[in-house]
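In: fold the following, please.
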Amino acid sequence: MDFDLLCELTETSGVPGYEDRVRDLVRRELDGVVDSLRTDAMGNVVGTVEGSTDYEVAIAAHMDEIGFMVKHVTDEGFLEIDALGGWDPDVLRAQRVTVHTESEDLTGVIGSIPTHVRSDDDEEYSVEDVTIDLGLPAEEVEQRVSVGDLVSTDQTTVRMGDQITGKALDDRVCLLAMLAAAERVEDPEVTVHFCATVQEELGVRGAPAVGADLDPDLAVALDVTVANDIPAVDDEGKYVTRLGDGAAIKVKDSSVVTTPKVYRRMAALADERDIDHQMEVLPSGATDTSGFQNTRRARPVGAISIPTRYLHTTTETAHCDDVEAATDLLTAFLETEDGQHDYSL
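Out: Predicted coordinates for the structure are as follows:
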């Protein structure tokens, strides 16, 4: 696993609809690896490796991370924000953030009421209650910040034992796996489109556009999934995946039921290649898989997930071995895809 590249991917900002900086990194990494490289009108990046047959496979991982947009500057110089993606407000208190204006990046903090003055009667905290303090006079904030400016959390990615933790592992860790697979796959029999998609966190918006433009015969999405192997979740009935047990092969989530013959081929291939893996049934949550399933026409779909603890926080955590297992499985799947596998129902 290229840890330096992962740090660069995760620590670079890219909230939904404004993935420019991450897009530049993806294009840099795919340049010279793929046969053609293009960006569509929404900002999706597609790097294509031409195969020897007419069969086409799309692989997708999304570039965007959850973040915010400035909606109002108060008379006192504080910023009020609108959420871009699904935030748990409990994790937002006292976070350091970066406000991305048209001309500069500004450091700010999300305020938190000290326990010394907090009342037991304080109402439940929500995203609407969040204000950002830039440490500047109100007049200067008014001059330097505009409604529509973007906000991302300020966090570094670090190793923690056998794991990695930081912001935006959802879904930059899967971008890393996709980029690694693109480098490993040589002379595939089928044409492979490596797609870095946009606006997944706003309801899977980029993938359907790619699916319509490419119209692939098969699509596989890469995303993180819930690893709830933590003390706070002691109900085995809520189990999804466990860190360190390998790549997760998705059977279903709340947006998609993957094609049975696709996920079964993935599982059989993982057994054959001794790739650690686990099966994933996710009660709620959506990925780019659903964006491809019935866009333009029905097609077989599958998904490979990387188990991740503390999703949609600034301390998302994944196991290095699971990242490598997901990369190995994706690579093996593409190397053995000849367009002749029967995925029919």
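
In: from here on, contacts and neighbour counts on C-alpha atoms
Out: OK.

In: and the strands in the stretch 201-345 of the chain?
Out: Assigned by DSSP state E, counting those that start in this stretch, the stretch 201-345 of the chain shows strands spanning 218-226, 247-252, 277-281, 301-309, 316-319.

In: pick the most buried one from those.
Out: strand 301-309 (a mean of 28; mean count of other CA atoms under 10 Å).

In: okay, the angle between that strand and strand 218-226?
Out: Orientation check (axes from the mean of the first three to the mean of the last three CA atoms, to 10 degrees): strand 301-309 against strand 218-226 gives 20 degrees.

In: what sits up against strand 301-309?
Out: 174, 218-229, 241-243, 246-250, 258-259, 262-263, 289, 292-293, 316-319, 322-323, 326, 330 (CA atoms under 8 Å, 6 or more residues apart in numbering).

In: average model confidence for it?
Out: If you average the pLDDT over strand 301-309, you get 98.

In: can you give me the helices in the stretch 1-150 of the chain?
Out: In the stretch 1-150 of the chain, the helices defined using DSSP state H, counting those that start in this stretch lie at 3-11, 20-30, 138-144.

In: check which helices and strands the first one is in contact with.
Out: Using 3 or more CA pairs under 8 Å, 6 or more residues apart in numbering; DSSP states H and E as the contact criterion, the elements in contact with helix 3-11 are helix 169-184.

In: and the helix it packs on, C-alpha only, in CSV?
Out: Only the C-alpha atoms of helix 169-184 are listed here, as CSV (Å, rounded to 0.1, in the frame of the first residue of the first chain):
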residue,chain,number,x,y,z
LEU,A,169,-10.9,7.4,3.9
ASP,A,170,-14.4,7.3,2.5
ASP,A,171,-13.7,7.0,-0.3
ARG,A,172,-10.0,7.9,-1.0
VAL,A,173,-8.8,4.6,0.4
CYS,A,174,-10.8,2.9,-2.4
LEU,A,175,-9.4,5.4,-5.0
LEU,A,176,-6.0,4.2,-3.8
ALA,A,177,-7.0,0.6,-4.4
MET,A,178,-8.4,1.4,-7.9
LEU,A,179,-5.3,3.3,-8.9
ALA,A,180,-3.1,0.5,-7.7
ALA,A,181,-5.1,-2.0,-9.7
ALA,A,182,-4.9,0.2,-12.8
GLU,A,183,-1.1,-0.1,-12.6
ARG,A,184,-1.1,-3.8,-12.0
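
In: strand 218-226 and that helix, what's the angle between them?
Out: Using the same axes, to 10 degrees: helix 169-184 against strand 218-226 is 140 degrees.

In: buried sites along helix 169-184?
Out: Within helix 169-184, the residues that count as buried by 16 or more other CA atoms under 10 Å are 169-182, 184.

In: so which of the residues you listed is the closest to residue 71?
Out: residue 170 (24.7 Å; CA to CA).

In: distance check, the residue most central in space within the chain against residue 286.
Out: For the chain, the residue sitting closest to the mean C-alpha position, by CA atoms, centre = their mean, is residue 171 at 1.8 Å. Note on residue 171: its distance to residue 286, by CA to CA, to the nearest Å, is 13 Å.

In: re earlier: tell me the one of the buried residues of helix 169-184 nearest residue 12?
Out: Of these, the one sitting nearest to residue 12 (CA to CA) turns out to be residue 172, at 9.7 Å.

In: quick check: pLDDT value at that closest one.
Out: pLDDT, residue 172: 98.

In: do the same with the one 4 residues further on
Out: pLDDT for residue 176: 98.

In: ok, it - contacts?
Out: 2, 5-6, 9.

In: among the residues you listed, name the buried ones.
Out: Looks like these have 6, 9 buried, using 16+ other CA under 10 Å.

In: adding pLDDT and distance to residue 334, write the contacts of residue 176 out as JSON lines.
Out: Output for these, formatted as JSON lines (pLDDT from 0 to 100; distance: CA to CA, whole Å):
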{"residue": "2", "pLDDT": "95", "distance to residue 334": "21"}
{"residue": "5", "pLDDT": "98", "distance to residue 334": "23"}
{"residue": "6", "pLDDT": "98", "distance to residue 334": "22"}
{"residue": "9", "pLDDT": "98", "distance to residue 334": "24"}
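
In: in CSV, list the contacts of residue 176 along with distance to residue 335.
Out: Shown next, in CSV, are these (distance: CA to CA, whole Å):
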residue, distance to residue 335
2, 21
5, 24
6, 24
9, 26
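
In: of the contacts of residue 176, closest to residue 160?
Out: For the contacts of residue 176, the nearest to residue 160 is residue 6 (14.2 Å; CA to CA).

In: enumerate every residue touching that closest one.
Out: Residue 6 touches 172-173, 176, counting by CA under 8 Å, 6+ apart.

In: likewise for residue 172?
Out: The neighbourhood of residue 172, defined by CA under 8 Å, 6+ apart, consists of 6, 9-10, 61-63.

In: make JSON lines out of those residues and add distance to residue 140.
Out: Below are the contacts of residue 172 laid out as JSON lines (distance: CA to CA, whole Å):
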{"residue": "6", "distance to residue 140": "35"}
{"residue": "9", "distance to residue 140": "32"}
{"residue": "10", "distance to residue 140": "30"}
{"residue": "61", "distance to residue 140": "39"}
{"residue": "62", "distance to residue 140": "36"}
{"residue": "63", "distance to residue 140": "32"}
